[in-house]
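**Student:** Pasted the sequence and its predicted model underneath.
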Amino acid sequence: MQDSKVRSRLKAQLTRFTAQLTGPLSKPLQKFVGQMLFGIQASQGLQLSNIARSLQENIPLIKTEDRLSRNLQTPKLEPALCTALLEFGSRRLSSDTVLCLDLSDVAKPHAREMEFLDWVWDGSEGEKQRGYWLCSVVGAEMRRAELTPLYQRLFSMRAKDFLSENDELLSAIDHVRAHTRGRGIWAVDRGGDRRNLLEPLLERGERFVIRARGDRTVFDRRCHWGELHQLGARCRLRHQARVVRIEDGKEKVYTLRYGAEPFFLRGRREELLLVVVAGWGKEPMLLMTNLKGVRDSQSLWRVVEMYLTRWKIEETFRFIKQSYRLEEIRVLRYQRLKNLIVLATAAACFATTFLGQSLKLRVLCEKVLIISQRFFGIPPFQFYALADGIRRLLWRAGPPSAPVEPPNSTQLDLLLTWGT
């Protein structure tokens with residue numbers, strides 16, 4: 001009985017979330033998005049056949065699958081959902097939220113007929129594979145567990161509308177900044193210090209913390225030029241901190257030393273700061289930032305924390321790829337691929353963000369975690385278990401409700417009131 005109550009409330013919240021995302025779309029597309037989000041959560045995957053099965057329609061399965069495939073070809077679906085996700089997620093961001101920009105991949109090593117199939121670097125296998133690129137932005141709070149998927153777009157360098165990798169990254173930045181209006185601090189891994197990305201960030205007035213490769217030529221405070229790694233080697237590491245990192249299920253303590261040196265880019269007047277951190281590996285970690293007021297050990301460590309927060313985001317990328325099995329995607333057309341990816345992002349946003357936005361929804365979230373039936377408890381990154389719990393509740397739960405206008409606060413309180 002308790003499971004049925006949780007199931008009905010979870011379906012109600014999924015319907016409400018769908019209504020928030022699909023306001024500008026036509027009624028048929030609103031219904032389609034609601035069915036897709038329900039099916040992705042219920043099947044925990046992106047295969048149209050499994051999504052169609054979860055809908056349990058009283059028509060031949062192939063008819064349901066054909067309708068989903070036909071609607072999935074709609075060109076305006078991706079931009080409409082991207083905008084809606086940004087509008088929803090941006091309301092949760094503060095001025096110090098870390099905006100993690102990342103390039104990853106969807107590997108399809110055995111595919112041959114998928115449209116605009118590209119070559120990508122598969123980091124898990126350490127080799128080139130057939131597949132597609134993903135450009136993603138996730139917001140994270142430094143000392144809290146909140147994560148907000150904001151943007152995810154699939155692209156291929158062989159597609160007709162592709163311009164460049166830099167253009168994809170800048171497009172992601174511009175889409176996000178149009179909604180954040182200066183809130184948030186960008187955190188980018190190696191490669192983010194490329195001139196075609198770094199200078200536009202400066203020109204747009206965006207704040208950032210970027211891990212540098214060390215081979216960029218810069219000027220120090222005495223107008224002597226040299227490479228960043230040479231400037232880092234001269235930096236005095238006056239401060240120290242101890243951090244604990246979980247590796248292979250065990251805690252490992254690192255003692256880090258860190259310091260900073262100002263520098264200038266060739267041809268620009270902005271003073272930037274190089275933060276040098278030793279203790280992670282053989283070579284010091286070099287972080288470049290344009291944050292103001294970074295002077296003492298506490299403010300310097302805050303810069304380091306911002307970059308370390310980005311490592312937490314990598315688990316979010318893995319969660320989306322693994323829990324919704326992105327690499328089992330099987331549609332052939334490029335537009336359908338792009339639409340499926342943004343639908344998967346919306347499904348992840350429901351699990352990681354929407355269910356935790358209020359106290360009563362957090363209660364619902366905790367009940368779903370219990371239903372996930374994990375044998376060894378809930379891990380620190382609980383979204384895997386949460387996705388499992390949602391799947392257990394929604395699979396065979398019956399078709400989703402049609403999206404409706406979000407209820408007012410009084411109706412919502414009644415909807416979420418728990419019976420005994």
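**Tutor:** The structure has been received and is ready for your questions. Numbering: from 1, shown residues only.
**Student:** For the rest of this, base every contact and every neighbour count on C-alpha atoms.
**Tutor:** Will do.
**Student:** list the buried ones in the longest strand seen in the chain?
**Tutor:** Identified as the longest strand of the chain according to DSSP state E is strand 250-265. Neighbour-count burial for strand 250-265, counted by 16 or more other CA atoms under 10 Å, picks out Leu256, Arg257, Tyr258, Gly259, Ala260, Glu261, Pro262, Phe263, Phe264, Leu265.
**Student:** What helices and strands are in contact with that strand?
**Tutor:** Secondary-structure packing of strand 250-265 (3 or more CA pairs under 8 Å, 6 or more residues apart in numbering; DSSP states H and E): strand 217-219, strand 239-247, strand 271-278.
**Student:** Walk me through which strands the second one pairs with, and which way each runs.
**Tutor:** Read it as strand 239-247. strand 250-265 (antiparallel) (DSSP bridges).
**Student:** Show me how far the partner strand is from its chain's centre.
**Tutor:** 25 Å (CA atoms, centre = their mean, to the nearest Å).
**Student:** for stretch 200-216, same thing?
**Tutor:** Per CA atoms, centre = their mean, the centroid offset for stretch 200-216 relative to its chain is 20 Å.
**Student:** average pLDDT for it?
**Tutor:** The pLDDT scores in stretch 200-216 average 94.
**Student:** try stretch 148-167
**Tutor:** 94.
**Student:** Please export the alpha-carbon coordinates of it; CSV is fine.
**Tutor:** What follows is stretch 148-167, C-alpha atoms only, in CSV (Å, rounded to 0.1, in the frame of the first residue of the first chain):
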residue,chain,number,x,y,z
THR,A,148,21.8,21.0,-11.4
PRO,A,149,22.1,19.7,-15.0
LEU,A,150,21.7,22.8,-17.1
TYR,A,151,22.7,21.9,-20.7
GLN,A,152,23.7,18.9,-22.7
ARG,A,153,24.0,18.8,-26.5
LEU,A,154,25.1,16.0,-28.8
PHE,A,155,27.1,17.0,-31.9
SER,A,156,29.1,15.5,-34.6
MET,A,157,32.0,17.1,-36.5
ARG,A,158,30.6,15.6,-39.7
ALA,A,159,27.2,17.2,-39.4
LYS,A,160,26.3,19.9,-41.9
ASP,A,161,25.7,22.5,-39.2
PHE,A,162,28.9,21.9,-37.3
LEU,A,163,31.4,24.9,-37.3
SER,A,164,34.0,24.0,-34.7
GLU,A,165,34.6,22.6,-31.3
ASN,A,166,35.2,26.1,-29.9
ASP,A,167,31.9,27.2,-31.4
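**Student:** Run through who's touching that stretch.
**Tutor:** Here stretch 148-167 makes contact (CA atoms under 8 Å, 6 or more residues apart in numbering) with 82, 85-86, 89-90, 92, 116-118, 132-140, 172, 176, 196-197, 337-338, 341-342, 345, 348-349, 352-353.
**Student:** swap the cut-off to 6 Å and go again
**Tutor:** 86, 89, 116, 118, 132-139, 338, 349, 353 (CA atoms under 6 Å, 6 or more residues apart in numbering).
**Student:** Got the phi and psi for Gly182?
**Tutor:** Main-chain dihedrals, Gly182, degrees, to the nearest 10: phi 90, psi -10.
**Student:** ranges for the strands of this structure?
**Tutor:** 98-107, 118-122, 127-140, 147-155, 185-188, 208-211, 217-219, 225-227, 239-247, 250-265, 271-278, 285-289.
**Student:** Kindly reformat those as a markdown table containing distance to Arg7.
**Tutor:** A markdown table is the format used below for the strands of the chain (distance: least, CA to CA, whole Å):
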| stretch | distance to Arg7 |
| --- | --- |
| strand 98-107 | 32 |
| strand 118-122 | 38 |
| strand 127-140 | 28 |
| strand 147-155 | 24 |
| strand 185-188 | 38 |
| strand 208-211 | 42 |
| strand 217-219 | 58 |
| strand 225-227 | 58 |
| strand 239-247 | 34 |
| strand 250-265 | 36 |
| strand 271-278 | 48 |
| strand 285-289 | 46 |
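**Student:** Of all those, which one comes closest to Ser26?
**Tutor:** Using CA to CA as the measure, strand 147-155 is the one of the strands of the chain that comes nearest Ser26, at 22.5 Å.
**Student:** So what are the sheet partners of that closest one and their directions?
**Tutor:** strand 127-140 (antiparallel).
**Student:** that older thread, out of the strands of the chain, which gets the lowest mean score?
**Tutor:** strand 239-247 (a mean of 80).
**Student:** just to revisit the earlier point, between the contacts of stretch 148-167, which has the most around it?
**Tutor:** Within those, most neighbours by other CA atoms under 10 Å means Gly139, with 29 neighbours.
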